[in-house]
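Asks: Would you be able to build a 3D model of this:
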Amino acid sequence: MEETFWSLLPPFIMILLVLLTRRVLLSLGAGIVVGALMVESYDILGTLERIWFSFQNLFYAEGAWDIWSVQLIIFLLLLGILIAFLTATGGAQAFGQWAVNRVRTRKGSQYTTGLLGVAIFIDDYFNSLTIGQVSRPITDRQNVSRAKLAYLIDSTSAPVTVLTPISSWGAYIIGIIATIISTHELTELSALTTFVQMIPYNFYAIAAVMLVFLAIFFKLEIGPMKKHEQRAEASGTLIDPENPDVPGDLKGGVKENGHGRVYHLLLPLLVLLVTTITMMVITGIQGSEDGVTLVSTFANTDVNLSLVLGGTLAVILSMILYAVQPGEKTNFFSVTWEGIKAMLPAVYILILAWMIVAIIEAIGTDDYLVGIVEEASLNAAYLPVMIFLIAGVTAFATGTSWGTFGLMLPIAGSMAVELDPTLLVPALSAVLAGSVFGDHCSPISDTSVLSSTGAGSNHIDHIVTQIPYALIAATSTILGYLAFALTSSVIIGLVVTIAILIGIVLLLKNK
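Replies: Predicted coordinates for the structure are as follows:
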């Protein structure tokens, strides 16, 4: 059943259960078990071993610790502790009150979040978690639902980062492009120049970012998002009472100090921001063996190590600020434990998402989907739209845009060179567009998990409410790529994408 149509069964079961039960841990667990049974030909002992090793290999494989995954989990726990101390100092409350006096409308609070998402483009993880901490007090005060906040964060993290060469994503993609250029001996091209040329062809990323601001301006609340926003605006209930378990939310075990000031929140977050960016530059320079450039720095940066160091210093500072405050204080251990407990749901989801990605890789779901592209006989002009759709399905089923980049970019490059070399740039860009689209809709996407965490939103509520917006951007993208196929003009394709996007928004708003 490996690398066949049946390899789609585990992600299908998992996604179906998510939609039917809204219990993400149960759904992920079911997908893992079904996938492991299929990989091991329904041998029970082999299945149990496969499940165990899919967990163990996240942290320890081939005689070495996987520091990357350990560091990300450590950072999530540090972030939970930081949130707890920012609450305990009264800094979050003081900042919320300060922001209310300056950001006076619901739209203003959402525009602030969207603009921060565009401005912080160096890494999607950093974007999702940092913007959540800054924006949440502002949007909470304006009764913006946490599901809406998660959408704003998620749709201005990956789409912005994938358009930027000076980012961890850009550096990774440029590295793959360099390999494609070398393999096909395309000596007239450079990897960085090719990436820059790809930007206007990434119709989905452009549409997704535009849709964020159109949705704010027109107050476009569609599908399940409408219920969340109406409830939040009417009663101030920001989270669905039927799904109260959200990552990053404290359960009332931390008492806010009445002497809190705005700097109690801003100083630790500033330390987190400055330390993380500084360490990303330092580790990137240290990892650049063949000469230091801006691109090589971001290509070789250690994002998770940088996040851990930034998080550690921010937590230490927040503890010091809490310790020197006057007034009655909650026990330090209790505040720390409340912060850790708040992040455990995100950690559980992330670990199970990583496990099912490993199972899906073993069963060959991604290889099966990629094989469809390789075997397709199609008019060369329609290559970008075909690649967009397959990349979208692959990222949706596997939960990873980066993994889809690694699989699909070389194949898209080979097909373009063979069919029509002038389609190389649009074909590669369609991979990026489709991967981000699929990632936006996938409940096992780590970027979506972290966006839920940063926003303090129930994860499934975030996915279900975001999908309609992602489909609007994807529909516009498909029609844009079809226009490009008919005209060979990126300008016409992009204009059609934007025009269709605006048209759909106006149509939905009028209805």
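Asks: State the number of residues packed around the nearest residue to residue 290 once chain neighbours are set aside.
Replies: Excluding the flanking residues, the one nearest residue 290 by C-beta to C-beta, 6 or more residues apart in numbering is residue 296, at 7.2 Å. Every C-beta, even on glycine, is put in place using the N, C-alpha and C of the backbone. When neighbours are counted by other C-beta atoms under 10 Å, residue 296 registers 19.
Asks: Confirm residue 296 sits in a strand?
Replies: No: the assignment for residue 296 (DSSP: H, G, I helix; E, B strand; the rest coil) gives helix, which keeps it out of a strand.
Asks: Might one say that it is in contact with residue 281?
Replies: No: shown here, residue 296 and residue 281 do not form a contact pair, counting by C-beta atoms under 8 Å, at 11.5 Å.
Asks: Would you state the strands of the stretch 101-250 of the chain in chain order?
Replies: With DSSP state E, counting those that start in this stretch, there are no strands along the stretch 101-250 of the chain.
Asks: Could you tell me which helix of the chain is the longest one?
Replies: Longest helix in the chain, counting residues (DSSP state H): helix 332-363.
Asks: For the host helix or strand of residue 447, give me every contacting residue.
Replies: Residue 447 belongs to helix 446-455 when assigned by DSSP states H and E. Helix 446-455 has contacts (C-beta atoms under 8 Å, 6 or more residues apart in numbering) with 76, 79, 124-125, 128-133, 136, 146-147, 149-150, 153-154, 157-158, 246-248, 343, 346, 349-350, 353-354, 399-401, 439-440, 442, 457-459, 462-463, 466.
Asks: what do you get for stretch 25-34?
Replies: 9-11, 13-15, 17-18, 21, 47, 51, 54, 348-349, 352-353, 355-356, 359, 443-444.
Asks: so where's the stretch 201-350 of the chain shaky on pLDDT?
Replies: 245, 247-253, 295, 298-299, 346 (pLDDT under 70).
Asks: on that earlier part again, give me the buried positions along whichever helix or strand comes after the helix holding residue 447.
Replies: Proceeding N to C from helix 446-455, the next assigned helix or strand is helix 459-487, under DSSP H and E. Of the residues in helix 459-487, 459-474, 476-485 count as buried by neighbour count, 16 or more other C-beta atoms under 10 Å.
Asks: Same question for stretch 489-497.
Replies: Buried positions in stretch 489-497, judged by neighbour count with 16+ other C-beta under 10 Å: 490, 493-494, 496-497.
Asks: For stretch 319-335, what is the distance to the chain centroid?
Replies: The chain centre lies 33 Å from the centre of stretch 319-335; the measure is C-alpha atoms, centre = their mean, to the nearest Å.
Asks: Quick check: the residue positioned nearest the centre of the chain vs residue 327, distance?
Replies: Centroid-nearest residue in the chain, with C-alpha atoms, centre = their mean: residue 447, separated by 2.3 Å. Residue 447 sits 39 Å away from residue 327, going by C-beta to C-beta, to the nearest Å.
Asks: tell me which element residue 492 is part of?
Replies: Using DSSP H and E, residue 492 falls in helix 490-510.
Asks: so that helix versus helix 459-487, what angle?
Replies: Helix 490-510 and helix 459-487 are oriented at 140 degrees to each other (axes from the mean of the first three to the mean of the last three C-alpha atoms, to 10 degrees).
Asks: elements contacting helix 490-510?
Replies: helix 203-217, helix 459-487 (3 or more C-beta pairs under 8 Å, 6 or more residues apart in numbering; DSSP states H and E).
Asks: centre of the chain versus the longest one, how much separation?
Replies: Distance of helix 459-487 from its chain centroid, counting by C-alpha atoms, centre = their mean, is 16 Å.
Asks: can you give me the mean pLDDT across it?
Replies: Average pLDDT, helix 459-487: 95.
Asks: Would you list the buried entries among the contacts of stretch 25-34?
Replies: 9-11, 13-15, 17-18, 47, 51, 54, 349, 352-353, 355-356, 359, 443-444.
Asks: what's the spacing between residue 140 and residue 273?
Replies: Residue 140 is 21 Å from residue 273, by C-beta to C-beta.
Asks: With residue 169 instead?
Replies: Residue 169 is 19 Å from residue 273, by C-beta to C-beta.
Asks: higher neighbour count, these two?
Replies: Taking neighbours as other C-beta under 10 Å, residue 169 and residue 273 compare with residue 169 leading, 25 against 16.
Asks: Tell me who's in contact with that one.
Replies: Per C-beta under 8 Å, 6+ apart, neighbours of residue 169: 123-124, 158, 161-162, 402.
Asks: 6 Å instead?
Replies: Contact analysis of residue 169 by C-beta atoms under 6 Å, 6 or more residues apart in numbering lists 161-162.
Asks: likewise residue 73?
Replies: So residue 73 contacts residue 347 (C-beta under 6 Å, 6+ apart).
Asks: Could you shift the numbering so residue one becomes 39, and keep it that way?
Replies: All right, first residue 39 from here; so that's residue 111.
Asks: hey, where'd the strands end up in the stretch 289-438 of the chain?
Replies: Using DSSP E, counting those that start in this stretch, strands in the stretch 289-438 of the chain do not occur.
Asks: Next, the angle helix 484-493 makes with the host helix or strand of residue 447.
Replies: Here residue 447 sits within helix 439-457, counting by DSSP H and E. Put simply, helix 439-457 runs at 140 degrees to helix 484-493, going by the same axes, to 10 degrees.
Asks: tell me the mean pLDDT for the following helix or strand past helix 439-457?
Replies: Per DSSP H and E, helix 439-457 leads on to helix 462-479 as the next helix or strand towards the C-terminus. Helix 462-479 shows a mean pLDDT of 93.
Asks: So which of the helices and strands packed on helix 528-548 is nearest residue 472?
Replies: Among the helices and strands packed on helix 528-548, the nearest to residue 472 by C-beta to C-beta is helix 241-255 (7.1 Å).
Asks: Show me what the closest one is packed against.
Replies: helix 144-157, helix 196-199, helix 462-479, helix 497-525, helix 528-548 (3 or more C-beta pairs under 6 Å, 6 or more residues apart in numbering; DSSP states H and E).
Asks: Keeping just the C-alphas, turn the helix holding residue 485 into CSV.
Replies: What follows is helix 484-493, C-alpha atoms only, in CSV (Å, rounded to 0.1, in the frame of the first residue of the first chain):
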residue,chain,number,x,y,z
ASP,A,484,3.5,23.1,12.9
THR,A,485,3.2,26.7,11.7
SER,A,486,-0.6,26.6,12.3
VAL,A,487,0.0,24.9,15.7
LEU,A,488,2.3,27.8,16.7
SER,A,489,-0.1,30.4,15.3
SER,A,490,-2.9,28.9,17.5
THR,A,491,-0.4,28.9,20.4
GLY,A,492,0.6,32.5,19.9
ALA,A,493,-3.0,33.7,19.6
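Asks: residues in contact with residue 360?
Replies: For residue 360, counting by C-beta under 6 Å, 6+ apart, the contacting residues are 123, 126-127.
Asks: gap between it and residue 379?
Replies: Counting by C-beta to C-beta, the gap from residue 360 to residue 379 is 18 Å.
Asks: ditto for residue 166
Replies: The gap separating residue 166 from residue 379 is 21 Å, by C-beta to C-beta.
Asks: neighbour-wise, which of the two wins?
Replies: residue 166 (27 against 15).
Asks: dump the residue contacts of the more buried one.
Replies: 191, 195, 488-489, 492.
Asks: ok, back up a step: so what does the longest helix of the chain touch, helix or strand wise?
Replies: helix 62-77, helix 82-94, helix 105-126, helix 484-493.
Asks: Out of the ones you listed, flag the one nearest residue 251.
Replies: Nearest of those (C-beta to C-beta): helix 484-493, 17.4 Å.
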